Structure formats: structure tokens, C-alpha cells
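Engineer: Give me a 3D structure for the following:
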Amino acid sequence: MISTLTRTFKLSMAIVCMIASAFILAAAQPAHIQIIPAPKQVSRGEADFLIGRESRIVLADGRSADDRFAAQDFVDDVKQSAGVSLRIGGSSRGEILIGSIDLPRIQQALKHGGLDPGIQKVPDEGYVLSVSRDQVVVAGKTTTGTFYGLQTLKQLVRGEGAGALIPAVKIADWPTMRWRAVSDDISRGPVPTLDYIKRQIRTEAFFKLNMHSFYMEHAFQSESHPLIGPAGGSLTPAEIRELVAYAKRYHVELIPEQQTFGHLHKALRLEKYAELAETPYGDVLSPQQDGSYKLIADWYKELNELFPGRFFHIGEDETFELGEGQSREAARTRGVGAIYFEHLNRVRDILKPYNRRLMFWGDIALHHPDLIGNIPKDMIVMNWQYGARDEFGSSIQPFKDAGLEQFVCPGAQNWNQIFPNLEAARKNITNFVRDGQKAGAIGVMNTTWDDDGESLFEDTWYSIVLGAAASWQEGAVDLDKFDQNFDWAFFRNDGEQFVKAEAALGSAGAQMGIGGPTDELFWRDPFTSQFQNQARNSADRIKQMRLSVEAAAESLTRNEGRARRNLTAIAAMKFAAQRFDHLGRRMEVMQRFSDQYWDAYLNLGDRAKTRKLRYYTGAIYNNLREMAEELSILKEGYRAQWLAENRPYWLDSVTARYDQMISLWLTKSRAMDEALRKYEVTSTLPSPEEFGLGTRLVAPSQNR
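Structural biologist: Sure thing, here's the model as predicted:
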């Protein structure tokens, strides 16, 4: 098994030359060829294939259920995205022939199209695609390769209705990396619905990703430990079986990523399991308790029956409490690193009967480089690094030197953000995967996280698609070309309106001068000196940010009718733009309110100045109450976005943040109204500190 999984996808130079001989390679991708991931080899032909009513999908092997499913998937997509109805079967002058590359009918068609039969040397997931005036041929080394060829063909279809066509091209393509994965956090808030997980699987497969991993702390509804998985907030065995069968049709392997060491507070907070915690009701399982290993064994016995794939992901990251509680004495005598690796090996022994490759997060191992050599060579290091770095060799090399296989695991940079930080994601994903390829990493697992419990997966697609391109293509992704192709590949829009909106939203935090989490700033109490100082010091940046996100929102509204795929991503982007705009507006309101209140407070005898504060109390126009009103609208918008992806579970804990902020603004508005009523009688105002307006930082004359 191990020897099979460790095969690389590097072809010998002889085979590469054989494939290249079938093509006249273009120096750049031909016009109207906008495909993500970019194929290895593309050349243009002479006459395009016109898709008409008489066009037929022909299966070279009518008995292949996989090819029939892939063909129907193509038919459905073309109907939805191009308004063209195709049929499977029958004869026609214009046929789209689908099948295995070694079938005689396919071989004959490839020869007729000018492709050397030696092209069949593409790897298992590779495919060839030939388009001429009368025939399209999509042929894979395996049914997976044929499926991927059809995903490329979807992106090749141009025009709509009677004007639809497929440009004359010849393509040979195969993946650079064997495993191309996404890890989705379903344990820190959002738990996607069954339908949304299917959308994830379909969309990931469209971009030739072949692995989807559920990150689970307590989100598995275990029959042996039913108290841990919350009702309505965890995957049930029946749901998992349905998803496994669904994913198989799309050539996606589902991986259970059940934690076995840290991040288990939601289980360990229960009194029944409290004795298993390293520290009381903490996050880490104690390796001193045999019950810890019984829990792991019980979980994985069930998971083994539900997930028939080749891998288990056992987690094992961020075990910060290890050595601080029940294992303190053992750690003092043998070291925390030794305790960690003893646990790792014990979990491996428990799971050995299932004959799976075990994945584990590599962060703790990097903290103990002297012990990396003790990691069993049949385990796979999931090497996560989220920095926007120029190079990652120093983080990859220790595992390579130890002879360990590894995945490089970049991040979508969505956690704690109103919208993913795409400037960081682009650099992190591109450079980390590039360096992973150089070092012989066997796969990529792009990660999404829900640290603050409110991230929307629908905002992460740019990062997910970039990870797909980086793992399929060879070397570093050309980001300019990627952006040029993104609108067409993802939205089927012939333009750059949507990718420009992605860029504007993905850089909004940087535009404000915020290097950290934008969600944290969104929920920060505005009636603090820290918030007001940041607003005052960033006034010009905030204005530019608002102009940028408003332009993005306007463009999305004007152009959303142009999209033919993934329209739900546009709705999520528009909502993110609204949140950013409100945040900027809030910072402007607080800066002005602070300045005007201080001006009035220092000039109590000037009633005209003081009465300007009616802007914050007036019955018709009230800046403070307006903030509450905007938040009420955002709350309902967020609820709609959440329920488009996720189960109701956990939603109220997020909308409660909106309620709390709404109440804060309304309370301040009422207090300001009462203060002005008293002023008319006493000619005094409460001190600015009582209103949370902090220290005066500008001269009174600046805002008169």
C-alpha cells in the first residue's frame, strides 16, 4: 500500500518528449483558452466545434457507470451555464467522444485528430482532449482522468445557445501533485448542511481537487459516545455514508480528521470525560489516562466503518497544556517532546489494524527537531504554515531529511476576517506549494478555519481555487494569469469584474492599515480610546477603503447577471462589502462624535456648539441610532448568508454579537439625549470619559 501511495507523478524525460511531440506548443495560452488549473500542454487547431441540437455525447464504453455519470454532469453544466441541451447516445456528424484512452475507438479517434498513440503514457489522473470541426475527444488514462478532461471541457465551452462552440484545441494534462485537498473546519461554529457539503465537493472536483477533509473536534455524532456530538451540530453516520457515496462519483476522497490529543475541550468539559483532561476541563487529552485511548479507539472504530478511504487524519496539533497537569511529572523527567511522541506512537498502534495511512499536524514536531527522526516513516506529516513568506524550505526540510512524507498545508486566510486576507493567501499558497513541490511533498491540503465561529465558507473560493491551481500546475502559479482566467473559470464571466471585487475585498484590511483580524475590530467596543485613536489616525485610509468596497459592491450589483456559475459567492461578497463599509462608517462617526463632544465640553458656554450634538440624539436624524439600524440590517443579512451554507446550530451565538452591539449604540443614543436635556437646565455635560470618549487628541479649533 505504501509503495503505491508514494509514487511520484514526475514523468521520465522520454515520456514527456513523447507527449510533447503530439503538440505544437504555444508560447502562451491561446486566446479564449481560460482554464484553471492551467493544462500542462495546449495548442490551437484550425476549426472550432459548433455545439448544436444534433451534437451528441458518445460513450466509448457504454457499460462504464463512471463515464456515464461524468457525461451527464457535463450535460447538466452546459445546459445551466450555456443554455445548450445535449443528449447522450445516438449518432451525429458532431460527436463528443468520451472514454478510456486505451480503448480502440478512442485510439482511432486520437490518431484521426493527429495525436500520437504514445500520448496514453499520461499518469492515472491525466487526460488528453482534442477538438476539431466534427469531433471532440476526451480520453483519460482512468475514469478519473476522463472526468477531469470533462471539467476542462466545461471551461472551454464559449458562447450561449445557438452560438455555443468549443475552440479547436489539443490538450495533454496531468497533475503535478498526487493529492489535492481542502480541510474544512466544522467544529468552531458553522456546520455545513448536507446540500452545502455536496456543493463543496462538486466545486472542488470541478477544479480537479481530489480530497476533502472534515476537521472535527466534537462534530461527529458517535454512537459509542453520544454526549459529545451536539444534536444538529455534528455529522451523523447516515449523513457520512451519503456523502462518501456522493463524493466517490466526483472522484473525491473524504477524510475524517478527528482530533486525538488537543482541541478537545468540547468533550472534556463534560463531567463524564473530565478525568481524561490534562488540566481540569481543558483542551488536551491526558496521556496518563487509559480512558483517553479507549475514547480514541471507540471513535475510530466507528469512523473506519463510515469512511472507506486510505487515510485517517488524527490531528495532534497545538497541545499547549501538555506537561502542565496529569503528565507534569513525566514531562519533567522525560521532556514534553518525548511524552508527545509516545502518545503519537500509541495512537498509531491503536489504529494499525485498520491499515490506514495516518496524517498528523506537524507543528509540535517542528518544536522538537531532535525527535523528528523518531516519527514512524509510515505516518504523513501535515505541515501547516500560514505566513506570507517568500520561502518555506526551512519548514519543509526537517521532515524531508527525516525521510517522512508530507503534505504542505497553506491557509485560505479566512479565519477572524470579514473577508479572507487575499494578499496573504496569494503569497502563502503560491510559495508554500511551490516549495513543497520542489521538496517532493506528496500533496497539498489547503485549510479553512472558523476560529471566531462566524466565517462563511462561500467567501473562500478564490483561495480554494488558487490552491487547486497550485497543486495541479507545476512550479509557482503565475498570479496575473490566474486572475485573468478566474472570472471565466469560476463565474463563466468574460471579463474581470468579479476578480477585481475579490481583490478589493481581500485587501480591505490592509487598506485600513490593519494587519490583524478585521472581525476583531468589527466587534470592538467603539467607545474606547483605542478604537477612537485608530479611527482618527487612519481617517484617510478608512475613506479610501470605503470607496474601494463600495465600488466593489456596485460592480457586483451591476454585473451579477453576467455570472453563469457560483452566483452564491457573489451574494456573500456583497455582504462582506456591506460589513466593511459599515465598519468604516462607524469609525468615521466615532471620530466625529468624539471631536464634537470634546469641543462642546470645553466650550460649555457656546450653546450653538453644544447643540450640534443633536446629530447624535435627533428624532429624525441620529448618527448613533443609525449605527444600530445598520447593524440590524447586517444581522438579517448575516442570518441569510449563514443559512445558505450551514445548519441553524450556533447561529444565535453569532447574531447575539449583533444584538449586543445594537444595544450599545441605542443605549449611548438615549444617554446622549438625556445629557442634552440636562444641559438645557444646568449648562453642564457629563465628562467625556463617562461616554467612553477617552483622551482629547486634537485641538478644539480643528473641528469647529
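
Engineer: make it CA atoms for all contacts and neighbour counts henceforth
Structural biologist: Will do.

Engineer: where does the residue nearest in space to the middle of the chain land in three-state SS?
Structural biologist: Taking CA atoms, centre = their mean, the centroid of the chain lies closest to residue 460, which sits 4.1 Å from it. The assignment at residue 460 comes out as helix when based on DSSP: H, G, I helix; E, B strand; the rest coil.

Engineer: where along the stretch 151-300 of the chain do the strands fall?
Structural biologist: Secondary structure of the stretch 151-300 of the chain (DSSP state E, counting those that start in this stretch): strands at 165-166, 169-173, 179-185, 211-216, 253-258.

Engineer: wait, which of the ones you listed is closest to residue 659?
Structural biologist: Comparison of the strands of the stretch 151-300 of the chain against residue 659 by CA to CA identifies strand 179-185 as nearest, at 25.6 Å.

Engineer: So for the closest one, mean pLDDT?
Structural biologist: Mean pLDDT, strand 179-185: 98.

Engineer: List the strands paired with that strand, with their directions.
Structural biologist: Strand pairing for strand 179-185, using DSSP bridges, gives strand 211-216 (parallel), strand 443-448 (parallel).

Engineer: taking the ones you listed together, which one is wrapped up most tightly?
Structural biologist: strand 443-448 (a mean of 27; mean count of other CA atoms under 10 Å).

Engineer: circling back: would you format the strands of the stretch 151-300 of the chain as JSON lines with distance to residue 691 included?
Structural biologist: Listed next are the strands of the stretch 151-300 of the chain as JSON lines, based on distance: least, CA to CA, whole Å:
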{"stretch": "strand 165-166", "distance to residue 691": "65"}
{"stretch": "strand 169-173", "distance to residue 691": "64"}
{"stretch": "strand 179-185", "distance to residue 691": "40"}
{"stretch": "strand 211-216", "distance to residue 691": "44"}
{"stretch": "strand 253-258", "distance to residue 691": "47"}
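
Engineer: Quick check: next helix or strand after the longest helix seen in the chain?
Structural biologist: Ranked by residue count and defined by DSSP state H, the top helix of the chain is helix 567-601. Using DSSP states H and E, the helix or strand that directly follows helix 567-601 along the chain is helix 607-611.

Engineer: Go through the helix or strand that that following helix is followed by and flag the buried ones.
Structural biologist: With elements assigned by DSSP H and E, the helix or strand that comes after helix 607-611 is helix 623-645. Buried residues in helix 623-645, counted by 16 or more other CA atoms under 10 Å: 623-628, 631-632, 634-635, 637-639, 641-645.

Engineer: and if you look at stretch 52-63?
Structural biologist: 52, 55, 56, 57, 58, 59, 60.

Engineer: Residues in contact with it: which ones?
Structural biologist: If you take CA atoms under 8 Å, 6 or more residues apart in numbering as the criterion, stretch 52-63 is touched by 67-68, 71, 84-100, 103, 105-106, 162, 164.

Engineer: what is the rounded mean pLDDT of it?
Structural biologist: Mean per-residue pLDDT for stretch 52-63: 92.

Engineer: So, low pLDDT: which residues of the protein?
Structural biologist: Low-confidence regions of the chain, defined here as pLDDT under 70, cover residues 1-32, 116-120, 620, 697-704.

Engineer: one step back: I'd say the residue nearest to the centre of the chain and residue 421 touch.
Structural biologist: No - look at residue 460 against residue 421 with CA atoms under 8 Å: they stay out of range, at 9.7 Å.

Engineer: about what we covered before: taking the buried residues of stretch 52-63 one by one, which sit in strands?
Structural biologist: By the criterion of DSSP state E, membership of the buried residues of stretch 52-63 in strands covers 56, 57, 58, 59.

Engineer: roughly how far apart are the first one and residue 158?
Structural biologist: Distance, residue 56 to residue 158, using CA to CA, to the nearest Å: 17 Å.

Engineer: what about the closest residue to residue 134 other than its chain neighbours, neighbour count?
Structural biologist: Computed as CA to CA, 6 or more residues apart in numbering, the closest residue to residue 134 that is not its neighbour in sequence is residue 94, at 4.8 Å. The number of residues packed around residue 94, counting by other CA atoms under 10 Å, is 20.

Engineer: what's the answer for residue 71, then?
Structural biologist: When neighbours are defined as other CA under 10 Å, residue 71 has 25 of them.

Engineer: what's the answer for residue 271, then?
Structural biologist: So residue 271, with other CA under 10 Å, has 10 neighbours.

Engineer: Likewise for residue 535?
Structural biologist: 23.

Engineer: Same question for residue 614.
Structural biologist: Close neighbours of residue 614, defined as other CA under 10 Å, add up to 16.

Engineer: same check, this time on residue 229
Structural biologist: 22.

Engineer: Pretty sure it sits against residue 237.
Structural biologist: No - using CA under 8 Å, residue 229 makes no contact with residue 237, being 11.5 Å away.

Engineer: Overlap of the contact sets of the two?
Structural biologist: Once CA under 8 Å, 6+ apart is applied, the residues that residue 229 and residue 237 both contact turn out to be 221, 222.

Engineer: Tell me the secondary structure at residue 465.
Structural biologist: Under three-state DSSP, residue 465 comes out as helix.

Engineer: residues in contact with the nearest residue to it once chain neighbours are set aside?
Structural biologist: Distance criterion CA to CA, 6+ apart; nearest residue to residue 465, sequence neighbours excluded, is residue 207 at 6.7 Å. By CA under 8 Å, 6+ apart, residue 207 lies in contact with 36, 37, 151, 465, 468, 469.

Engineer: quick check, nearest of those to residue 498?
Structural biologist: Nearest to residue 498 out of the contacts of residue 207 is residue 465 (CA to CA; 14.1 Å).

Engineer: which residues does residue 473 contact?
Structural biologist: Per CA under 8 Å, 6+ apart, neighbours of residue 473: 37, 38, 39, 40, 175, 176.

Engineer: how far away is the closest residue to the second one other than its chain neighbours from residue 441?
Structural biologist: Residue nearest to residue 38 in three dimensions, not counting chain neighbours: residue 473, with 6.5 Å by CA to CA, 6+ apart. Using CA to CA, one obtains 14 Å as the distance from residue 473 to residue 441.

Engineer: Equivalent analysis for residue 615, please.
Structural biologist: 60 Å.

Engineer: follow-up on the earlier one: angle of the longest helix of the chain against helix 623-645?
Structural biologist: Per axes from the mean of the first three to the mean of the last three CA atoms, to 10 degrees, the angle that helix 567-601 makes with helix 623-645 is 160 degrees.

Engineer: Please name every helix or strand in contact with helix 567-601.
Structural biologist: Other elements packing on helix 567-601 under the criterion 3 or more CA pairs under 8 Å, 6 or more residues apart in numbering; DSSP states H and E are helix 497-506, helix 529-537, helix 539-559, helix 607-611, helix 623-645.

Engineer: so how far is the next helix or strand after the last one from its chain's centroid?
Structural biologist: Stepping forward along the backbone from helix 623-645, the first helix or strand reached (DSSP H and E) is helix 651-682. In terms of CA atoms, centre = their mean, to the nearest Å, the gap separating the centre of helix 651-682 from the centre of its chain is 37 Å.

Engineer: Which elements pack onto helix 651-682?
Structural biologist: Counting by 3+ CA pairs under 8 Å, 6+ apart, helix 651-682 packs on helix 623-645.

Engineer: re the thing from before, could you dump the ones in strands among the buried residues of stretch 52-63 into a markdown table with distance to residue 446 added?
Structural biologist: Converted to a markdown table, these look like this (distance: CA to CA, whole Å):
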| residue | distance to residue 446 |
| --- | --- |
| 56 | 38 |
| 57 | 35 |
| 58 | 36 |
| 59 | 34 |
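
Engineer: Tell me the one among these nearest to residue 415.
Structural biologist: Nearest to residue 415 among those is residue 57, at 43.3 Å by CA to CA.
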